[in-house]
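Enquirer: Sequence first, predicted coordinates after that:
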Amino acid sequence: MSTTTYGVSGMVCGHCAGFVTEEIEHIAGVTAVAVDVEQGTVTVTGDKALDIDDIRAAVEEAGYELTSGA
């Protein structure tokens, strides 16, 4: 099991969080997604180590930018 928190810029509301969550949940191996709009973070849990490029692509597909991560 792997859990990593990433910074995401551009999120301002619950709808933003929903878009990010929905895109990340499509990544194979993701078991949980928790978005904190106020902190500008998303915590992703997977049953294996996840590729940051996959996370970045999902966040960008939702219309936001990954600003930090492992």
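Expert: Perfect, thanks for sending it. Numbering: from 1, shown residues only.
Enquirer: Identify all contacting residues around the helix or strand of the chain with the lowest mean pLDDT.
Expert: Counting by mean pLDDT, DSSP states H and E, the chain has its least confident helix or strand at strand 65-68, which shows a mean of 92. Outside strand 65-68, the residues within contact range by CB atoms under 8 Å, 6 or more residues apart in numbering are Tyr6, Gly7, Val8, Ser9, Gly10, Gly40, Ile52, Ile55, Arg56, Val59, Glu60. C-beta: built from backbone N, CA, C; applies to glycine.
Enquirer: residues contacting the fourth one?
Expert: Shown here is Ser9, whose contacts under the criterion CB under 8 Å, 6+ apart are Gly40, Tyr64, Glu65, Thr67.
Enquirer: Give me the distance from the longest helix seen in the chain to the chain's centre.
Expert: For the chain, the helix that runs over the most residues, judged by DSSP state H, is helix 14-25. Centroid separation between helix 14-25 and its chain, computed with CA atoms, centre = their mean, to the nearest Å, is 8 Å.
Enquirer: repeat for stretch 32-45
Expert: That offset, for stretch 32-45, works out to 6 Å (CA atoms, centre = their mean).
Enquirer: can you tell me the average pLDDT over that stretch?
Expert: For stretch 32-45, the mean per-residue pLDDT is 97.
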